[in-house]
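K.L.:
Build me a model:
(one chain, ligands or ions: 1)
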Amino acid sequence: MPRSVDYNLRHSEKSCNFAFVIPNTYRMRHQVNRITDSNLNRLYMIDQIIDYNKTFVEQKGYEKYITDKYPDKKLAVLSCMDTRLTELLPAALGLKNGDAKIIKNAGGLVISAFDSAMRSLIVAIYELGVKEIMVVAHSHCGACHMSYDHFHHEMIARGVTDETLETIQKCGIDLHHWLEGFRDTPTSVRKTVETIKTHPLVPKDIVVRGFIIDSETGALEEIM
Ligand SMILES: [Zn+2]
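P.N.:
Coordinates of the predicted model:
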């Protein structure tokens, strides 16, 4: 953290830390005038979004999006959080609001049979009527070649201690596995599709297919 930020936080707000600063929009607006830390600039972006949101609601910008919670196409899509896909993915798949449950994480992966992605898929199947699942990875994914060694280096540089990391490991969290990416995208897609297909809680009539989408053109390549 740049010294000026550290100084401001410690001296202007004696009992204050980042978590305490975040919810207070008024105070943030005054702090961003004095502080140039990138974290605070991101918070300032949230202020802009809040302002935009007020106008959006006032002008009834929501009206064309109104639908219910049940996906009209009885479809769930598991994909990556990559920003290139934010609009490209639904556009390239022809999906509009209300059509599909779109579940996103880093890499579009199920990393274990009872992780958050798998839980969302189970909810989509049993609570929301989903019959088909598309696993959609993408070209040049940031989660490809991700490694715990890199995260470890960055975490230590930003103040996480080795003692904290050891405590987490001792609690049974395998950080290497949790933060490891994949080496080969088609293999990763097959693995995720297999995990879903063979999951003991996924009914046999659920269709599961795997794809890689081109991050630029939106072209789909079916993997399995
Ligand atoms: Zn990605």
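K.L.:
what separates D174 from the ion, distance-wise?
P.N.:
Distance of D174 to the ion, given as CB to the ion, to the nearest Å: 22 Å. Any C-beta I mention is one placed from the backbone N, CA and C, and that applies to glycine too.
K.L.:
One more: A137?
P.N.:
7 Å.
K.L.:
again with V130
P.N.:
Separation of V130 from the ion (CB to the ion): 22 Å.
K.L.:
Can you list phi and psi of the nearest residue to that residue once chain neighbours are set aside for me?
P.N.:
Nearest non-adjacent residue to V130, counting by CB to CB, 6 or more residues apart in numbering: A124, 4.1 Å away. The phi/psi pair for A124 (degrees, to the nearest 10) reads phi -60, psi -40.
K.L.:
Next, count neighbours for A124.
P.N.:
24 (other CB atoms under 10 Å).
K.L.:
And for H176?
P.N.:
13.
K.L.:
Could you shift the numbering so residue one becomes 39, and keep it that way?
P.N.:
Sure, I'll start counting at 39 from here, so that last one is H214.
K.L.:
SS state for it?
P.N.:
helix (DSSP: H, G, I helix; E, B strand; the rest coil).
K.L.:
what sits against it?
P.N.:
Y186 (CB atoms under 8 Å, 6 or more residues apart in numbering).
K.L.:
any idea how far A195 is from it?
P.N.:
19 Å (CB to CB, to the nearest Å).
K.L.:
One more: A144?
P.N.:
Distance from A144 to A195, by CB to CB: 20 Å.
K.L.:
Without its sequence neighbours, what residue ends up closest to E218?
P.N.:
Y186 (5.8 Å).
K.L.:
Could you look up the next helix or strand downstream of the top helix by length along the chain?
P.N.:
Counting residues, the longest helix found in the chain (DSSP state H) is helix 76-96. Per DSSP states H and E, the first helix or strand lying C-terminal to helix 76-96 is strand 113-118.
K.L.:
what's that next one packed up against?
P.N.:
helix 123-131, strand 138-143, helix 154-166, strand 170-176 (3 or more CB pairs under 8 Å, 6 or more residues apart in numbering; DSSP states H and E).
K.L.:
Around the ion, pick out the residues from this protein.
P.N.:
Near the ion, the residues belonging to the chain are C118, D120, C179 when assessed by CB under 5 Å from the ion.
K.L.:
Filter these down to the buried ones.
P.N.:
Among these, those scoring as buried are C118, D120, C179 (criterion: 16 or more other CB atoms under 10 Å).
K.L.:
element containing the last one?
P.N.:
Element membership of C179, judged by DSSP H and E, is empty: it is in no helix or strand.
K.L.:
if I read this right, it contacts T223, doesn't it?
P.N.:
Yes - applying CB atoms under 8 Å as the test, C179 and T223 come out as touching, 6.5 Å apart.
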